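Enquirer: How does the following fold in three dimensions:
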Amino acid sequence: MESPARPPEHPSCLVFARAEDAKLKGLPVAAKAMAELNKVPRHARTRLTILGAQPGTDAKLWSDLRESAGARLNLRIKPYSSDRAVVSREIRSASLVLMPSLEEGFGLTGLEAISEGAPVLLSSASGLAQALQKYVPDHATHHVLNVEATPAEIGRRMQELLDQPELAFDRVEVLREAMKERFSWRRSVEELIAALRAELRAPRRSAEAPSSRRPPLAERLRDSLKQASLGLQGWKQTLAQTGDWLERPELEQLRVHCRTAELPCKPVVLLGAPGSGKSALLSRLVQALQAHDVAVLALKADELPASIDSPIALEGWLRLAAPVAQALDAVARLQRTVLVIDQLDALADLVDLKSERLNVLLTLVSEVTRRARVPVVLSCRSFELEHDARLRALDCEKLQLKDLAIDDVQRAVAKHAPQVHLTARLTELLRLPHMLNLYLSLPPDRRADTAVESHQGLVRARWQQLVGGHDEEEVAQQVAILIAKREELWLSTDLPDLRALQARVQALLVSGLLVQQPIRGIEHIAFAHQTLFEFARARSFLGHATLPQVVRVGQDGLFVRPVLWVTLPYLRAADFPGYLRQLHKLWRDTSVRRHVQALLLEFLSQLSDPEEQEITLVVERLTDPRWQIAALRALTGQRRWFELLADSCMPGVMAGAAGELAIGVLLRATEFAPQQVAALMERVWWPKNREWIERVVRFASVWSPELLALARRLVTAGATEVRILLSKAVDVAPDVAPELIRIELDRQLQLIRMQPEGTRKEAIIKLVERPENLWSHTLQMAAEKLPRPFAEQLFPWLASAMEEFGVLKGFYDSPRGKDVLDDLT
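Expert: Below you'll find the model as predicted:
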């Protein structure tokens with residue numbers, strides 16, 4: 001078979017069918033759709049060829065189809081031919097082959113077009129289309145046509161294929177390989193790989209001019225991945241004023257993971273606060289991987305349009321020739337490949353009303369993780385990961401992005417603004433790269449203003465610098481409203497609402513408040529950083545109504561969530577007394593729905609500097625039985641709040657009817673306050689609720705000295721799940737695990753001593769002989785990790801215990817004893 005067809009220089013469409021059945025074969029459908037296509041200026045000269053007229057009927061068929069279309073169209077009629085070479089030549093000269101039949105047994109003409117490598121649109125009434133939908137559903141969507149659609153809709157489908165000819169020809173090539181037999185995921189990918197490898201091995205034909213030869217499909221897929229990654233790849237990585245890249249140790253961790261992780265592996269989520277530099281770090285990562293011949297698909301979730309509601313829609317937007325997961329898997333079989341997705345938080349339910357985009361991305365992550373040999377790296381704000389149910393359910397490894405080192409901050413400021421004296425509060429704020437960027441961009445007189453020592457104060461100072469006057473303020477707010485309305489952080493400059501602002505938007509592009517870049521070939525604008533958008537959005541809301549008014553109007557829908565989330569921090573920083581008044585009004589208003597009240601609680605829980613009035617409100621919820629569960633969930637993992645409430649409220653909550661609910665809060669707090677956690681549990685829960693203590697200790701990721709002391713006390717007292725506790729000790733504290741095992745053995749030995757004398761000998765033998773209820777696996781792990789401490793603790797105990805009960809002599813010479821000895825050694 002010849003190599004697949006390639007896009008012709010001039011676009012054209014072909015229908016080949018016996019024209020005596022014109023209506024049944026859908027020729028009027030094709031003509032009407034072509035008339036719609038010809039209305040598009042760039043397709044005014046695109047031609048439709050009908051191959052299949054009977055001798056002497058071409059003129060009448062031409063006239064009938066022109067009349068059916070109701071408009072002039074570029075139409076050519078050619079006679080029917082059974083000559084395979086003629087048909088092949090026509091197919092290979094077409095940009096698109098249509099099979100618009102109203103009825104069709106199978107559709108051999110469509111199959112012939114696919115075999116030649118020509119893009120096709122096949123009637124859904126045909127057996128071929130139905131076979132594609134059944135056996136290759138991931139590919140069928142691009143090639144199956146509903147002939148009952150309007151001519152305009154069919155014309156649009158045709159235009160999509162004609163406007164992206166390389167992509168259309170790539171897709172049919174992938175389809176052709178996938179159709180070779182009924183296939184599973186594995187078989188379909190293997191077929192695609194076989195095609196890629198065949199192309200890579202195929203010798204170049206010397207007679208073929210370089211310009212006429214298409215690159216192999218493997219190269220085209222790799223190029224498509226790289227093209228789709230330009231948004232994140234081009235993200236600004238360095239400080240705007242100094243051009244310096246500030247080293248982040250997490251970059252090397254991710255680089256090593258992406259290049260060496262054993263596959264399959266869990267996705268890694270890079271977590272950080274707003275402005276912590278997640279996008280810059282991932283941009284750096286993408287460039288580093290590409291420099292080492294790693295193929296990368298890097299997506300910025302905030303760039304996805306709201307229309308992405310399915311995997312097929314994502315595939316089309318990325319202009320890939322195959323379903324995204326299969327394309328990644330295919331390339332991964334040829335070279336190391338990585339999937340990177342930045343800013344998942346932009347699609348979380350706190351800020352985005354449409355859930356489909358996040359669902360599509362998480363489905364992709366799940367599919368790639370399960371089926372493809374591709375490491376996955378994601379980024380997300382920490383708070384959204386904890387509070388969006390879909391993100392919280394993600395099975396992943398978490399990597400916390402640490403703030404910049406203080407020395408790096410001081411060096412950067414000294415380099416650009418040597419006269420500045422940094423206070424401790426300002427230094428801490430500037431450890432966030434975005435805040436450092438904003439600060440260095442301010443004029444010298446503003447840097448000395450103490451107002452910039454807070455997050456909102458610094459953002460406000462930068463806003464005032466970038467927004468020149470009332471007119472620019474109005475435009476910025478209008479852009480923010482348009483972004484919020486469309487739920488797309490990047491707006492196409494083709495939007496009518498944006499075109500109306502075009503001249504006025506230019507000033508904000510010049511100032512740097514807005515930025516512009518092409519996405520999929522179309523220019524888009526956005527705020528220079530998400531924090532600036534949130535600031536603009538808050539100003540636009542509060543410029544027209546108070547917060548309680550906005551909430552009461554919108555609380556019955558999801559719209560209220562993002563409104564609250566961007567306006568509360570703005571209002572708190574801009575007018576704290578006014579913020580408290582409005583917050584109290586919402587807090588006490590019984591007509592405000594519970595989900596709004598819960599969101600207010602979540603907002604307060606993530607404050608790192610709560611004031612006394614805010615603490616009072618949170619304590620009120622924490623001590624109210626109706627709100628305790630919600631309050632504990634909101635406070636989980638919040639270090640500052642734990643420090644504030646550990647000695648005041650937590651003991652009462654732990655001792656109350658809902659005390660068990662505090663386990664989650666205490667478990668997370670072991671990461672940053674293990675001493676306080678251990679003291680609290682010992683004071684409030686020991687001994688009555690020591691099983692709750694045991695659960696915290698068992699699930700803690702690290703055992704501090706205080707938690708280790710509790711573990712020792714639990715084993716001594718007789719832990720409920722001692723086997724699990726000892727296994728945990730082997731994992732997190734292997735140096736003391738033998739000691740804990742010895743403590744448990746001593747406890748069991750004491751229990752044996754309390755048995756009737758006649759049963760003790762057999763009891764000690766059973767303890768030694770059949771320890772699976774305690775440590776069959778634990779003993780082995782402990783012995784392997786620390787053989788010497790294990791032997792020093794356990795063998796003397798074994799000899800002493802068996803001698804005490806008179807079973808040592810001769811026991812290890814017996815078959816039974818030898819089995820036990822083999823197990824122990």
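
Enquirer: what's the domain layout of the chain?
Expert: Described in terms of automatic domain parsing, the domain architecture of the chain consists of the residue ranges 12-182, 226-400, 406-534, 607-720, 738-824.

Enquirer: would TSV of those with mean neighbour count and mean pLDDT be doable?
Expert: All C-beta spots, glycine's among them, are computed from the backbone N, C-alpha and C. Conversion of the domains of the chain to TSV gives the following (neighbours: other C-beta atoms under 10 Å; pLDDT from 0 to 100):
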stretch	mean neighbour count	mean pLDDT
domain 12-182	19	87
domain 226-400	20	88
domain 406-534	17	88
domain 607-720	18	93
domain 738-824	15	69
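
Enquirer: I'd like the ones you listed as TSV, with distance to residue 579 appended.
Expert: Putting these into TSV (distance: least, C-beta to C-beta, whole Å) gives the following:
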stretch	distance to residue 579
domain 12-182	50
domain 226-400	19
domain 406-534	11
domain 607-720	10
domain 738-824	52
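
Enquirer: So for residue 565, which of these sits nearest?
Expert: Residue 565 sits nearest to domain 226-400 of all those, at 5.3 Å, using C-beta to C-beta.

Enquirer: Endpoints of that closest one, how far apart?
Expert: 27 Å (C-alpha to C-alpha, to the nearest Å).

Enquirer: that older thread, between the domains of the chain, which one is closest to residue 220.
Expert: For those, the distance to residue 220 is smallest for domain 12-182, at 5.7 Å, taking C-beta to C-beta.

Enquirer: Show the average pLDDT along stretch 566-584.
Expert: Stretch 566-584 shows a mean pLDDT of 87 in the predicted model.

Enquirer: Tell me the buried residues in that stretch?
Expert: When burial is assessed from 16 or more other C-beta atoms under 10 Å, stretch 566-584 yields the following buried residues: 566-574, 579-580, 582-583.

Enquirer: ends of it, how far apart?
Expert: In terms of C-alpha to C-alpha, the two terminal residues of stretch 566-584 are separated by 18 Å.

Enquirer: Over to stretch 226-241?
Expert: Using C-alpha to C-alpha, one end of stretch 226-241 lies 29 Å from the other.

Enquirer: ok, and what's touching it?
Expert: Stretch 226-241 is contacted by residues 244-246, 279-280, 282-284, 286-287, 290, 295-300, 303, 318-320, 340, 342, 412, 416, 433, 436-437, 440-441, 517, 519 when judged by C-beta atoms under 8 Å, 6 or more residues apart in numbering.

Enquirer: beta partners for the nearest residue to residue 335 once chain neighbours are set aside?
Expert: Of all residues beyond its chain neighbours, the one nearest residue 335 is residue 295 (5.6 Å), with distances taken as C-beta to C-beta, 6 or more residues apart in numbering. With DSSP bridges as the criterion, residue 295 is bridged to residue 337.

Enquirer: residues contacting residue 295?
Expert: Taking C-beta under 8 Å, 6+ apart as the contact definition, residue 295 lies against 222, 225-226, 331-332, 335-338.

Enquirer: Same question for residue 534.
Expert: 566, 569-570.

Enquirer: What separation do you get for the nearest residue to residue 16 once chain neighbours are set aside and residue 83?
Expert: Closest residue to residue 16 apart from its sequence neighbours, by C-beta to C-beta, 6+ apart: residue 51 at 3.9 Å. Separation of residue 51 from residue 83 (C-beta to C-beta, to the nearest Å) stands at 11 Å.

Enquirer: for residue 12, same thing?
Expert: Here the distance between residue 12 and residue 83 works out to 20 Å (C-beta to C-beta).

Enquirer: what do you get for residue 110?
Expert: Taken as C-beta to C-beta, the span from residue 110 to residue 83 is 19 Å.

Enquirer: ok so, going back, pick out the most distant pair among the buried residues of stretch 566-584.
Expert: In the buried residues of stretch 566-584, the most distant members under the criterion C-beta to C-beta are 566 and 580, with 18.4 Å between them.
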